[in-house]
Every structure is written in structure tokens, then in C-alpha cells.
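Trainee: Can you look at this prediction? I've put the sequence above it.
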Amino acid sequence: MKKNRRIGISFALTIMMIVLVLAGCGSTAPAPGPGTDASKSNGGADSSGQAAASTLDAIKKRGKLIAGVKFDTKLFGLKDPGSGKVEGFDIDLAKALAKQILGDESKIELKEVTSKTRIPMLNNGDIDIIIATMTITEERKKEVEFTDVYFKAGQSLLVKKGSPIKSVADVKKGVKVLAVKGSTSTTNIRAKSPEATVLEFENYQEAFTALKAGQGDTLTTDNAILYGMVKQDPNYEVVGGTFTDEPYGMAIKKGDTTFASYVNDFLKSLQSNGQYEKLYEQWIGEKPTK
């Protein structure tokens, strides 16, 4: 009887030890305490969508702003193949932002983006902000945080002088329209001229080269970009006025309202101190519309 009791006690102790070992192996990390969001502990976003750490903090810690800009868009962001220098309205705004954050406009890295690559690059953390002739749309608002409007543009048409195309009403069946992949211009022209043939290119320089080579009848995008092409080659002209509103905004990673608010304050300060108007006139050639 005593022997059976000893066996029973030994068996019970063995079971207890197994339970304790299993409990200890269950997790090496403590459970989140009261008020702790589990998603924040792994660098994610909280339930409101606010980024766990602001891009602004990352820029200050890094000591450099990484801006996604165009390299192929005269007046806004165009790279000189000889010098390698990138210049334009968007570029100067990016430099002014770097100076605002870090006290030195040279503390900036300019990374090339296209209409197709800019949002993926932002979401992947390759860039801190998009400053690249990006139209604010409801669809894009689902993917990024937009700042206030910093440039008001409108879609138009570029043709060779003497072309029978004078407006979007002339873009009918048989007309070949050149546009850029991932741009709102492509969507808009298909809606306005559903019978026309739309050919898409990777960037604006490729599209303009194709137009000059006779691969299409007209090129469509925002009028501000088209005016830059006219400056490159005066044999072409912008026609038909504008048939859309294309407000440009800077784009920041979704949920980072802290950095978005900071950039909005930066834009307001540029307008109040006259620097915005100065840059606008320098690149666009006229005073900004109110």
C-alpha cells in the first residue's frame, strides 16, 4: 500500500514538473501591459493608423532627407545628363524642406521616381516623401498621406505645330495618344476619348521622344509639364486649354500625420515669407494663381 502511495506521489511530481517546463517555454516575451498596443511593439501602426515613429524623427536621426523626385520633367525635376545635376521647382522645394528640418539644404538625397514607382518606393521606405508632380486623388489618398496643394495644374494636349488636333474634342477614333504609365492623365484621356488609341511609356522623356519620332499624334499630361517640353522643342505647342483639375500634393507614408502636419506648416511658411512665389516665378515664369 505504501509502495503504491510513493508511486502516486512520484507520478504527480513528474506531471507538475512537466507543466512548469511547458509554461516556461510558452513565450520569452512578456505580454503587453495595460495600455500597450501589440502592433507598436513590433514597429507597426496603432489602431488609429498613426505610424509608430514619425518619418520626421527618422530624418533627424539619419541627418538626411531622402526625397523622391522626377528626373525627366523639365521645370519640376530634370537631370542634366552632362553634369548629373537635377533641377526644377520640385527640387528646390525639397531642398527648402531639408533646410527647414536639418538647417542645411545640402543634407538631402534625391532619388528618381516615376508615376509608376513612387508609391511603392514610399511604402518600402526607400524615400521619406514624394515631391514629384503627383496629383491628389481620392484613390491615392487610400495609399498615402497628402499634404495641402502646392501647385495647381490641369491636363492638356501637346502637338506638333500645324496639327489638326486643337482640343480634346479632336481626339477621336484613329488618333494615337501618348501618355505615361501610372499617371492620372492616362485614366482621364481614356474617359474623355474612349475611341482613341492610348500608348503608354515609362516616363515623360520617352513619351516626348516617341511623339517627335511620329509614333503618336498627341501627348497628354499636366499643362505645366507640357510647357516644359515646349521649352525643350519650340516646334511643339500646348493646345485646347485644360480639361481636368490636377492639384499637386507632396505624399507621405500612410498614417504619418505628424510629418504631414509638419510639411503643411512648412508650405505655409514658404508662402508667408515670399519664398514660394519667388521659386514659382523662377521656374514657371509667372506668378502663382490665388
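Mentor: Here it is on my side, so go on. On a predicted model such as this, the values are computed, not experimentally measured, just so you know. Numbering: from 1, shown residues only.

Trainee: Please make it C-alpha for all contacts and neighbour counts, starting now.
Mentor: Will do.

Trainee: which SS state does the closest residue to T220 other than its chain neighbours fall under?
Mentor: Distance criterion C-alpha to C-alpha, 6 or more residues apart in numbering; nearest residue to T220, sequence neighbours excluded, is L157 at 4.7 Å. Classification of L157 using DSSP: H, G, I helix; E, B strand; the rest coil returns strand.

Trainee: what's the burial count for L157?
Mentor: Neighbourhood size, L157 [other C-alpha atoms under 10 Å]: 27.

Trainee: Tell me how many other residues crowd the residue nearest to F89 when sequence neighbours are not counted.
Mentor: Nearest non-adjacent residue to F89, counting by C-alpha to C-alpha, 6+ apart: F76, 4.5 Å away. Number of residues near F76 (other C-alpha under 10 Å) recorded here: 25.

Trainee: swap in the one 3 residues further on?
Mentor: Residues within reach of K79, counting by other C-alpha under 10 Å, total 17.

Trainee: before we move on, back to that, kindly state the beta-bridge partners for the residue nearest to T220.
Mentor: Beta-bridge pairing for L157 (DSSP bridges): T220, V239.

Trainee: still on that earlier bit, what does the residue nearest to F89 show for phi and psi?
Mentor: phi -110, psi -50 (degrees, to the nearest 10).

Trainee: for the one 3 residues further on, same thing?
Mentor: Torsion angles at K79 (phi, psi; degrees, to the nearest 10) stand at phi -90, psi 130.

Trainee: ok, which stretches of the stretch 51-200 of the chain are helices?
Mentor: 55-62, 89-102, 118-123, 138-141, 184-192 (DSSP state H, counting those that start in this stretch).

Trainee: Quick one: closest of those helices to K268.
Mentor: Closest of those to K268 is helix 89-102, at 11.9 Å (criterion: C-alpha to C-alpha).

Trainee: Contacts for that closest one next, please.
Mentor: With contacts defined as C-alpha atoms under 8 Å, 6 or more residues apart in numbering, helix 89-102 is touched by 60, 63-65, 67, 69, 75-77, 104-108, 131-133, 263, 266, 279-280, 283.

Trainee: Pull the number of nearby residues for P234.
Mentor: Residues lying near P234 (other C-alpha under 10 Å) number 11.

Trainee: Please list the residues outside stretch 218-229 that contact it.
Mentor: Residues contacting stretch 218-229 (C-alpha under 8 Å, 6+ apart): 73-76, 153-160, 165, 176-179, 185-186, 189, 207-208, 211, 236-238, 242, 246, 284.

Trainee: again, only this time at 7 Å
Mentor: Contact with stretch 218-229 is made by 73-75, 153-159, 176-179, 185, 211, 238, as judged by C-alpha atoms under 7 Å, 6 or more residues apart in numbering.

Trainee: Over to it now: how far is its first residue from its last?
Mentor: Taking C-alpha to C-alpha, to the nearest Å, the first and last residues of stretch 218-229 lie 13 Å apart.

Trainee: low-scoring stretches of the stretch 101-250 of the chain, by residue?
Mentor: Applying pLDDT under 70 to the stretch 101-250 of the chain picks out no residues at all.

Trainee: I252 versus D222, what's the distance?
Mentor: Going from D222 to I252 by C-alpha to C-alpha gives 22 Å.

Trainee: Next, the distance between the ends of stretch 127-143.
Mentor: End-to-end span of stretch 127-143 (C-alpha to C-alpha): 15 Å.

Trainee: List the contacts of G182.
Mentor: Here G182 is in contact with S115, K116 (criterion: C-alpha under 7 Å, 6+ apart).

Trainee: who touches L56 in this structure?
Mentor: Taking C-alpha under 7 Å, 6+ apart, one finds F259 in contact with L56.
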